[in-house]
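1. only geometry, no sequence info:
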């Protein structure tokens with residue numbers, strides 16, 4: 001009986017060791033994916049890159065002085081007034 005318990009215990013240890021190794025590999029893969037996503041997020045939110053995307057891909061330009069309109073915000077009445 002003791003021998004069977006010992007064999008079962010060894011089998012459990014081996015099984016758990018495999019599971020631990022698989023989980024460690026999964027953690028490494030997820031950490032790498034996280035780094036990749038952070039790098040992609042940084043490149044997409046980088047001001048220089050945003051400016052490049054706006055100009056080249058979206059055809060945006062800086063407004064001329066005559067095209068700028070300032071708004072006056074009246075916080076007491078919670079409305080926006082145009083000048």
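-> That came through fine. This is a predicted model, so every value here is computed, not measured. Residues are numbered from 1 along each chain as shown.
2. just the strands in the protein please.
-> Under the criterion DSSP state E, strands of the chain are mapped to 71-74, 79-82.
3. least reliable of those strands going by mean pLDDT?
-> Note on the strands of the chain: strand 79-82 shows the lowest mean pLDDT, a mean of 55.
4. ok, residue 55 - how many residues close by?
-> Residues near residue 55, counting by other CB atoms under 10 Å, number 12. Quick note: C-beta positions are derived from backbone N, CA and C, even for glycine.
5. mind listing what it touches?
-> Contacts for residue 55 (CB atoms under 8 Å, 6 or more residues apart in numbering) come out as residue 61.
6. got any ranges where the protein has weak pLDDT?
-> Residue ranges of the chain with pLDDT under 70: 77-83.
7. 80 instead?
-> 3, 73-83 (pLDDT under 80).
8. What segments of it are helices?
-> 2-45, 47-52 (DSSP state H).
9. I'd like those as CSV, with distance to residue 65 and mean neighbour count appended.
-> Formatted as CSV, these follow (distance: least, CB to CB, whole Å; neighbours: other CB atoms under 10 Å):
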stretch, distance to residue 65, mean neighbour count
helix 2-45, 29, 10
helix 47-52, 20, 10
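10. any chance of those helices in CSV, with distance to residue 68 too?
-> Output for these, formatted as CSV (distance: least, CB to CB, whole Å):
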stretch, distance to residue 68
helix 2-45, 25
helix 47-52, 18
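11. Go through those and name the closest to residue 73.
-> Shortest distance between residue 73 and those, using CB to CB, is found for helix 47-52: 25.5 Å.
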